[in-house]
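J.: Next come a sequence and a model predicted from it.
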Amino acid sequence: MNLLKNKIEDEGVVLSGTVLKVDSFLNHQVDPELMMEIGKEFARRFKDLGITKVLTIESSGIAPGVMAALQLNVPLVFARKRKSLTLSEGVITSKVYSYTKQEENTISVSSKYIGENDRVLLVDDFLANGQAALGLIDLVKQAGANVAGIGIVIEKSFQDGGKLVRETGYRVESLAEIQSLENGKVTFKQEGARV
Ligand code: G4P
């Protein structure tokens, strides 16, 4: 998705050989027009799959997730990372380990909002080590629902997540695939190329 890649080139800050800062349009300030285009692109790639819900994780997945949900004309559900005061009965949980932060989070969703008749599109901002996506897949399975596909805004192809998540057999679509962040420079993977 060229609009997104241009934005990453213009505004992304390479913090290290593994971390890209995109605070100006995705992780802190949010560019609504770009999010709308991202939502349209996810909807284009996953249309005709009978999707009934979009599921993401708070907080940075919510902006692209809600735009995808709007375009697919279905609700967005976001898994919570922190315990909610009002979320008590019928809670489905999964443990997600963050290699970046070296901490384990318990993510949760109410069984009221994901059920066995749902076909769920998973959306997240980054695919790095894949643990978040695997946690979301686990929540959907526990709910007895089906994963229709996985939509990622930025995939860091040099980390293990893409391989791990594709091994589940689900379709993964990433709108920008980063091959390297070496030497302070963003290098995108050639479209269609698989490593
Ligand atoms: P994983 O989700 O693929 O397993 O990766 P990991 O545990 O390493 O990621 C932990 C958090 O860091 C996630 O956000 C993830 O989106 C984010 N992240 C990973 N790599 C990058 C990167 O290169 N740049 C940026 N900006 N973020 C990255 P989170 O903690 O859930 O944050 P938020 O959604 O609350 O903003």
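T.: Sure, I can see it.
J.: count of residues packed around residue 31?
T.: For residue 31, the neighbour count with other Cβ atoms under 10 Å is 16. For glycine as for every other residue, the C-beta is placed from the backbone atoms N, C-alpha and C.
J.: Need the residues that contact the helix or strand containing residue 69.
T.: Using DSSP states H and E, residue 69 maps to helix 62-72. Under the criterion Cβ atoms under 8 Å, 6 or more residues apart in numbering, residues 26, 30, 32, 35-36, 38-40, 42-43, 46-47, 51, 53-56, 75-76, 78, 121, 123-125, 151, 153 lie in contact with helix 62-72.
J.: now swap in stretch 115-125 and tell me
T.: 26-27, 42, 46, 49-57, 60-61, 64-65, 68, 72, 114, 132-133, 136-137, 140, 143-154.
J.: Among these, name the buried ones.
T.: 26, 42, 46, 51-57, 60-61, 64-65, 68, 72, 114, 132-133, 136-137, 140, 143, 145-154 (16 or more other Cβ atoms under 10 Å).
J.: Could you tell me how many residues sit around residue 118?
T.: 22.
J.: what about the nearest residue to it once chain neighbours are set aside, distance to residue 172?
T.: In space, and not counting its chain neighbours, residue 118 is closest to residue 145: 3.9 Å by Cβ to Cβ, 6 or more residues apart in numbering. From residue 145 over to residue 172 the distance is 18 Å, taken as Cβ to Cβ, to the nearest Å.
J.: Among the buried ones among the contacts of stretch 115-125, which ones lie close to the ligand?
T.: Among the buried ones among the contacts of stretch 115-125, proximity to the ligand is found for 57, 60-61, 132 (Cβ under 6 Å from any ligand atom).
J.: Format these as TSV; extra columns: pLDDT and secondary structure.
T.: Putting those into TSV (pLDDT from 0 to 100; DSSP: H, G, I helix; E, B strand; the rest coil) gives the following:
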residue	pLDDT	secondary structure
57	97	strand
60	97	coil
61	98	coil
132	97	helix
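J.: Show me the two of those that sit farthest apart.
T.: 60 and 132 (10.4 Å; Cβ to Cβ).
J.: so after the helix or strand harbouring residue 141, what's the next helix or strand?
T.: In this structure, residue 141 sits in helix 131-142 according to DSSP H and E. Next in sequence after helix 131-142, counting helices and strands by DSSP H and E, comes strand 146-156.
J.: which helices and strands sit right next to that next one?
T.: helix 2-11, helix 32-46, helix 62-72, strand 119-127, helix 131-142, helix 161-166, strand 172-180 (3 or more Cβ pairs under 8 Å, 6 or more residues apart in numbering; DSSP states H and E).
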